[in-house]
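Novice: Generate coordinates for the sequence data below:
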Amino acid sequence: MILPCKHEEQVTKQVQPTIDLLTNMDEWHPDVLLQHAIQPADYKSGLVFRSAIESIRGTFIASSKPGREGLVKDVLENLLQRRWIEDYEQTGSRRRHDFTIVLKRDPAYFAALEVKGGEGNSINISERPLWAREFGVWCHLDGAIVNQPAHGAHAIINRLTNELVRRRKLVDVLFIKDILCGTRTRPCPKYSGREDKIGLQAAPDVFLFPQRVPSLDDPEPPVHTLDTLRLPELVLELFGVDTTAQGKHIWEVRVKVVELPNGRLRREVQVWHQGKVVGESKSRPWRP
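Specialist: Sure, this is the predicted structure:
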C-alpha cells in the first residue's frame, strides 16, 4: 500500500458524530442556538448553517497555503543556514512555482519546488521552469482525515503521472509531509517507539519519478535515484536520515506507456518501496 501510515480510528470515528451534531443542532439543541442569537427556524431554511460552513471552508483554504509554504520555507532556511544550498527565494503568485532553490552557483544548478495540498485537484496548476535542473512538488495530506494518507498519495501520483504522459510535464520528485505526520492523529510507523511523538522531526516520504517523459520510443524510462538528484538527499539528511535508513523513506514511481492492439495508448504505473510493488494503476486508453 502507498504510505503505511494511517489516521487513528479513535480520531476519525469522531468525524461523523460531529457532522451529525452540527447538521441537527436546530432539532437536538435549539436552546444552544438561541443562547447565541441564532434562530432555530433559520438554521437550515434561512441557509445560516450552510453559509457558516462555506465561510469556514473558505477561511481554511485561504489560511492553509501560507502555513504549508511556511513549513517548506523552514526546511529551506535550515538547509541554507547549514550552507547545504547556496540560496532560495519564495516566488509565490509571481510564477507557476513557489520556491526557487540555488543548489550550486558555479556552474549554476537550480531547482524549483511547488507546494500543494493533498486533494490532488490542483496538481496541474504549476509549470516546470526551463532553467530547472530539478523540479519537485511538496504535498500536505492535512485535509479531511476521513481519507487515509494512501488515498491522497494515490490521487497525487495519478495526476502527476497523467501530466507526465499527456502534457509531457516532467516532475522529478514528490515530497509528502505535513504537521499531522508523527502525531496522535497520524502516527508514523517508520519511527518505532516514537510513532506519535516524532512530529515535525519526521522526515518526508520521497517519491522518485522517471528521468524522462515516457513515449513509444522510450516506453519505460529509468526512475531517478538519490545519485541523479541533489535536493531529495539533502532534505533527508536534514531530517537526520542516514544512508542505512533511506530506504524507509524512498518510493519509486515507475511509469510505462503501452500501445494497445487498436492503436490506443495506456499509462501503467507501479509504485515500488523497498523492493516490493505497493501500488499499481492503469489509465483509460486514449488516442495519440
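Novice: Skipping adjacent residues, who's closest to Val271 in space?
Specialist: Distances taken as Cβ to Cβ, 6 or more residues apart in numbering put Gly279 closest to Val271, at 3.8 Å, once the chain neighbours are dropped. To be clear about C-beta, it is placed using only N, CA and C from the backbone, and glycine gets the same treatment.
Novice: Now do the same for the residue nearest to Ile53 when sequence neighbours are not counted: helix, strand or coil?
Specialist: Leaving aside its chain neighbours, Ile53 sits nearest to Leu22 (7.9 Å; criterion: Cβ to Cβ, 6+ apart). Recorded secondary structure, Leu22: helix (DSSP: H, G, I helix; E, B strand; the rest coil).
Novice: what about stretch 236-254, how long is it end to end?
Specialist: Across stretch 236-254, the terminal residues are separated by 21 Å (Cα to Cα, to the nearest Å).
Novice: follow-up on the earlier one: what about the residue nearest to Val271, distance to Val269?
Specialist: 8 Å (Cβ to Cβ, to the nearest Å).
Novice: got the CA positions of stretch 241-251 in CSV?
Specialist: Taking Å, rounded to 0.1, in the frame of the first residue of the first chain, the C-alpha atoms of stretch 241-251 are listed here in CSV:
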residue,chain,number,x,y,z
VAL,A,241,18.0,10.1,7.9
ASP,A,242,21.4,8.4,7.3
THR,A,243,22.2,6.1,4.3
THR,A,244,21.2,3.0,6.2
ALA,A,245,17.6,4.2,6.8
GLN,A,246,17.0,6.0,3.5
GLY,A,247,15.0,3.0,2.1
LYS,A,248,12.2,3.5,4.6
HIS,A,249,11.6,7.0,3.2
ILE,A,250,12.1,6.4,-0.6
TRP,A,251,9.5,5.3,-3.1
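Novice: ok, Gln81 - how many residues close by?
Specialist: Neighbour count of Gln81, defined by other Cβ atoms under 10 Å: 9.
Novice: ok now do Leu113, which residues does it touch?
Specialist: Counting by Cβ atoms under 8 Å, 6 or more residues apart in numbering, Leu113 touches 72, 97-99, 101, 135-138, 231.
Novice: how far does stretch 165-178 sit from the chain's center?
Specialist: Using Cα atoms, centre = their mean, to the nearest Å, the mean C-alpha position of stretch 165-178 is found 10 Å from that of the whole chain.
Novice: can you pull the buried residues of that stretch?
Specialist: Buried residues in stretch 165-178, counted by 16 or more other Cβ atoms under 10 Å: 165, 169-178.
Novice: can you pull out the strands in this structure?
Specialist: Taking DSSP state E, the strands of the chain run over residues 87-90, 99-104, 109-116, 134-139, 173-176, 205-208, 250-259, 265-273, 276-282.
Novice: neighbouring strands for the fifth one, and are they parallel or not?
Specialist: So that's strand 173-176. strand 134-139 (parallel), strand 205-208 (antiparallel) (DSSP bridges).
Novice: would you put the C-alpha positions of it in CSV?
Specialist: C-alpha atoms of strand 173-176 as CSV (Å, rounded to 0.1, in the frame of the first residue of the first chain):
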residue,chain,number,x,y,z
VAL,A,173,10.4,14.2,-7.1
LEU,A,174,7.4,14.3,-4.8
PHE,A,175,7.7,15.1,-1.1
ILE,A,176,4.9,14.2,1.2
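Novice: what mean pLDDT does it have?
Specialist: The pLDDT scores in strand 173-176 average 96.
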